[in-house]
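Trainee: return a 3D structure for these sequence lines:
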Amino acid sequence: MNMHTQPVGEMLREWRQRRRLSQLAFACDADISARHLSFLETGRSRPSRDMLLHLAERLEMPFRERNALLLAAGCNSRSN
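Mentor: Residues are numbered from 1 along each chain as shown. Have a look, this model is predicted:
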């Protein structure tokens, strides 16, 4: 693993901010609670692979960035 990899929560927050979305607006769009999103962004909660893919899709992240997100979370970036 790359030692310079950004934590997954920070990556999510960065992409949410790039899209100019508040936590509440993004949480509503992604059908999760704002509290859950906050926990994901701060690292208090560890997201599942499916949750990461769901959030990345809602943020319209490019596939390369989605893979980096999965790798930062310790998930396999390839689907079976």
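Trainee: from here on, contacts and neighbour counts on C-alpha atoms
Mentor: OK.
Trainee: before we move on, what SS does the residue nearest the centre of the chain have?
Mentor: With distances taken as CA atoms, centre = their mean, the residue of the chain nearest its centroid is residue 12 (3.8 Å). The local conformation at residue 12, judged by DSSP: H, G, I helix; E, B strand; the rest coil, is helix.
Trainee: report the contact partners of it.
Mentor: Residues counted as contacts of residue 12 (CA atoms under 8 Å, 6 or more residues apart in numbering) are 41, 69.
Trainee: any idea how far it is from residue 68?
Mentor: Distance of residue 12 to residue 68, given as CA to CA, to the nearest Å: 11 Å.
Trainee: how much space between residue 29 and residue 49?
Mentor: Distance from residue 29 to residue 49, by CA to CA: 19 Å.
Trainee: residue 58 now?
Mentor: Note on residue 58: its distance to residue 49, by CA to CA, is 14 Å.
Trainee: do residue 39 as well
Mentor: From residue 39 over to residue 49 the distance is 16 Å, taken as CA to CA.
Trainee: with residue 11 instead?
Mentor: 15 Å.
Trainee: same question, residue 20
Mentor: 24 Å.
Trainee: who has more neighbours out of those two?
Mentor: Shown here are residue 20 and residue 49; by other CA atoms under 10 Å, residue 49 has more neighbours (16 against 11).
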